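Participant: Got a predicted structure plus its sequence, pasted below:
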Amino acid sequence: MASPALDLSQIIPPQVLTKLAREWLAEDTPNFDPAGVCVGSQEVSAILLCKSPGSVLAGCPFFTAVFTELGCTVDWFYNEGQTLGVEPVTQTAVVKGPARCVLLGERPALNCLARTSGIATRCRGLLGTAQNEHWAGQLAGTRKTTPGFRLAEKYAMLVGGISMHRHDLSGMVMLKDNHVWASGSITQAVRNARSVCGFSSKIEVECRNDKEAREAAKAGADIIMLDNYTPQVVHTSAFSLKQEFPSVLIEASGGITPLSLAQYFSPHVDIISLGSITQGCPVVDFSLKDP
């Protein structure tokens, strides 16, 4: 029997959800709500409609948190991570509460859900490409996220089935060309980083050629990023590095798109990261309407 799906919402601390919901609401209504006088506080119901067929639903905890702050309730017709219907419009949830509060939460909640569902949908598509090609490595996001919205975007990656990579600069050491330049060499940069992060953090080095990659591996880097390599050079370099340093993880990154992704699949590449998971990702079209 298959294991039950993980409830990914459990990784989000409740106080973080509350904080984000309050910040989004305060940004959208920093003082008075003049339009609220038009609708009052009578109890109403509004249906959440998805108008992007085949999308992956993601971001339900954030959507719900916004309306909870306003004294409203949300009842979902689909579970987080489910693929919504192929029909032009899919009824996804119902929101109930005072009219003016439903309208206060409408735009912040929809903005979040549209973005997170769009990212999860893209991730699910990329994961399908990897599975169809029988590639056993991990797809990963990057730190190319929207300021103030990273937690929601990283969460959407998980719902879509791929790795978040490092969440922030504290999560893992990644040494880029400027770190190396300031330190004097890759070897010195790795040594400096290891002296402060100890055994509990991995060290990754961004490398522009095989010479740099070998220096990083010899210096004790855990992950070698082959940055902006062409697909063919990735295959050749990854094979060579794995022969010499079998325990080092190899990551391909830089300019990889959903269209070019399959060209980078290799049994010697452990990770492929894509900034396009968040940058330029289409959103899912949601709206909130009267029944």
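Facilitator: Ah, there it is.

Participant: So Leu48: helix, strand or coil?
Facilitator: strand (DSSP: H, G, I helix; E, B strand; the rest coil).

Participant: Tally up the residues packed near it, please.
Facilitator: Around Leu48 there are 25 other residues, counting by other C-beta atoms under 10 Å. Backbone N, C-alpha and C define where each C-beta goes, glycine included.

Participant: start the count at 10, not 1, going forward
Facilitator: With 10 as the first residue, the last one maps to Leu57.

Participant: how about the lowest-mean-pLDDT helix or strand in the chain as CSV, C-alpha atoms only?
Facilitator: Ranked by mean pLDDT, DSSP states H and E, the weakest helix or strand in the chain is helix 186-192, scoring a mean of 85. Below are the C-alpha coordinates for helix 186-192, written out as CSV (Å, rounded to 0.1, in the frame of the first residue of the first chain):
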residue,chain,number,x,y,z
ASP,A,186,33.3,34.1,-8.2
ASN,A,187,33.3,37.2,-6.0
HIS,A,188,33.9,35.1,-2.9
VAL,A,189,36.8,33.4,-4.6
TRP,A,190,38.2,36.7,-5.9
ALA,A,191,38.0,38.3,-2.4
SER,A,192,39.6,35.2,-0.7
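
Participant: Could you give me the buried positions within the following helix or strand past it?
Facilitator: Using DSSP states H and E, the next helix or strand after helix 186-192 towards the C-terminus is helix 195-206. Going by neighbour count (16 or more other C-beta atoms under 10 Å), the buried part of helix 195-206 is 195-196, 198-199, 201-203.

Participant: Let me see the confidence value for Ser12.
Facilitator: Looking at Ser12, its pLDDT is 49.

Participant: the strands in the stretch 10-159 of the chain, which residues?
Facilitator: 52-59, 82-85, 99-107, 147-149 (DSSP state E, counting those that start in this stretch).

Participant: so which of those strands gets nearest Asp294?
Facilitator: Closest approach to Asp294 among the strands of the stretch 10-159 of the chain (C-beta to C-beta): strand 52-59, 7.1 Å.
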